[in-house]
Each structure stands twice: as C-alpha cells, then as structure tokens.
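Student: Below are the sequence and a predicted model for it; my questions follow.
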Amino acid sequence: MTGRKRLFLGLLCLSLLVLFALATFFAYLALNPQSSAYDVSVLIVVLVIGAVLLVFALGVLAVIAAVMSGRSWGRFGSFLLKAAYALYPAALSLGGLFGIPKDKIRASFVEVNNQLVRSSRHAVAPREVLILAPHCLQKSDCAAKLGQGAENCLRCGGCGVGGLLDLAQALGVQLAVVTGGTLARKFVAEFKPRAIVAVACERDLSAGIMDTAPLPVLGVGNLRPHGPCKNTAVELEKVEEAVAFFTVGR
C-alpha cells in the first residue's frame, strides 16, 4: 500500500474514531440519571446511531482489506464500500483541520477508489463504457461546441480532445466532453454506461465518483501545464489502459 493511499485510509479511520467518541459521549449522557439528556428516547437514538457507525466501521475494514489484498468482497463488499464512502466528507474536513491540502486528500481518495474498482471483475461491452472528459481540455480559443457532442471536434490537433475522440472511435466506446457535474450526470443518464473512465482534476474526479456510485469509475487525472481549468491535457495511454481494464476478458 502506497503512502498516498494511506492518507485517505488514515483519515477514514480517524473520522470513524471521532464519530464513535461522540456517540459514546451522548450514550453516557443518555444513561446518566443526573444528566439533563437522560431519557429513553435519547438512548434509542444513540443506539440507532451506534448501529449506523458499526456499518461504517465494517465499510472501512472492507476498504482496507480490499486495498491490501487486491480482492473485493462481492456484492456485500460493495454495500460496505458505499458505507465507507459516506465518511468521505468527514475525512476531507478532518484533513483540513490538520492543514492537509484538499487536493492531496482527493487524489488519495481517487487512488483508493481506482484500486477498489480494479479489485473487482468488470467485463462489459465497449459501447457500455463512457469516457467523460472535461471541457478544459479544449483549446480556450476553439469555437467548436463540444458540449453538444464530442464529434463536433475539428481535430485540428491543438488540444487533447481530438486524440480522445480518435481513441473512443477506435475502441468503440462512448465519449462526452462536459463542463461540470450537471452535464456529466446528464450524459450518464443518457448513455446509461456500465463503466466510466473519467478524466478530470482531483476535485471533479472525487465528486464524480461519489455522484455516479454504484457505477464503477476509474479516474485519470488531467495535466495542467497552464494551471487549473485552462488548456489542460490528458495522457491517452492511461485512458486506453483504463478502457481495456473494463472491456478485455469479456
């Protein structure tokens, strides 16, 4: 397990400990007759919260086991992983308290997610794979309306969209160029993919993974030679490898 993955997993565990500590504190108040919070109904709420936290704990254990072993837990494991992902906002907030850059945590989350996806078997038809690419790949002075369809690309070679379009057509997969999460969700609903290869920055990748669950998503970070959100680039070989993971072995 790399140090990059350990960051997100460590924050997951810390988030869980903090929530358990809070639940224990409120349970003490509910059981202490001298407390103003002493009430059976409060105790019932605390027990329900405790049960939810237990599911979260199993989810975190499932994530750690899958990352370390490289093997998934099947459908039950998928449920537990979703429970662990529910702690992602808490992990992000705790990391901020320790001064850890959010993009560093997001990158760790994406890396953990990618390994979890690769720990399960996904054999789908090429047409059922959707490549989601960010609009910032398009050259800033290009007039092509890619949001209306990636095939509108002029293929002038000035940006990475043409290469992605060539790759998508060669592999028989779908490609959408999106300006944000709303349009991404629209294309997902329209194309109904069974697997997604997403190209974006850490923030958009992590948000997209959360938004599209339980669909398997492999995230490919974009390159930002001119800074964020402008004339970004993509490593086509990484996109091709991610598509091959989903489609090879059918």
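Tutor: Looks like it came in fine. Keep in mind it's a predicted model, so treat the numbers as computed, not measured. Numbers count the residues shown, from 1 in each chain.

Student: ok, then the element right after the worst-scoring helix or strand of the chain on mean pLDDT?
Tutor: Using mean pLDDT, DSSP states H and E, helix 74-85 stands out as the lowest-scoring helix or strand of the chain, at a mean of 67. Downstream of helix 74-85, the next assigned helix or strand under DSSP states H and E is helix 88-97.

Student: what are the C-alpha coordinates of the next helix or strand after that following helix, in CSV please?
Tutor: Sequence order places helix 102-118 as the next helix or strand after helix 88-97, per DSSP H and E. Extracted C-alpha coordinates of helix 102-118, given in CSV (Å, rounded to 0.1, in the frame of the first residue of the first chain):
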residue,chain,number,x,y,z
LYS,A,102,-7.8,19.1,0.0
ASP,A,103,-6.5,18.1,-3.4
LYS,A,104,-4.0,15.8,-1.8
ILE,A,105,-6.8,14.1,0.1
ARG,A,106,-8.9,13.9,-3.0
ALA,A,107,-6.0,12.4,-5.0
SER,A,108,-5.6,9.8,-2.3
PHE,A,109,-9.4,9.0,-2.4
VAL,A,110,-9.2,8.6,-6.2
GLU,A,111,-6.3,6.3,-6.0
VAL,A,112,-8.0,4.1,-3.4
ASN,A,113,-11.2,4.1,-5.5
ASN,A,114,-9.2,3.0,-8.6
GLN,A,115,-7.7,0.1,-6.7
LEU,A,116,-11.1,-0.9,-5.3
VAL,A,117,-12.5,-0.9,-8.8
ARG,A,118,-9.6,-2.9,-10.1
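
Student: what pLDDT, on average, does helix 102-118 get?
Tutor: Helix 102-118 shows a mean pLDDT of 91.

Student: How about stretch 10-27?
Tutor: 88.

Student: Just list the residues touching the residue nearest the centre of the chain, thanks.
Tutor: Residue closest to the mean C-alpha point of the chain, counted by Cα atoms, centre = their mean, is I209 at 2.8 Å. I209 makes contact with F109, V110, N113, A198, V217, G219 under the criterion Cβ atoms under 8 Å, 6 or more residues apart in numbering. Quick note: C-beta positions are derived from backbone N, CA and C, even for glycine.
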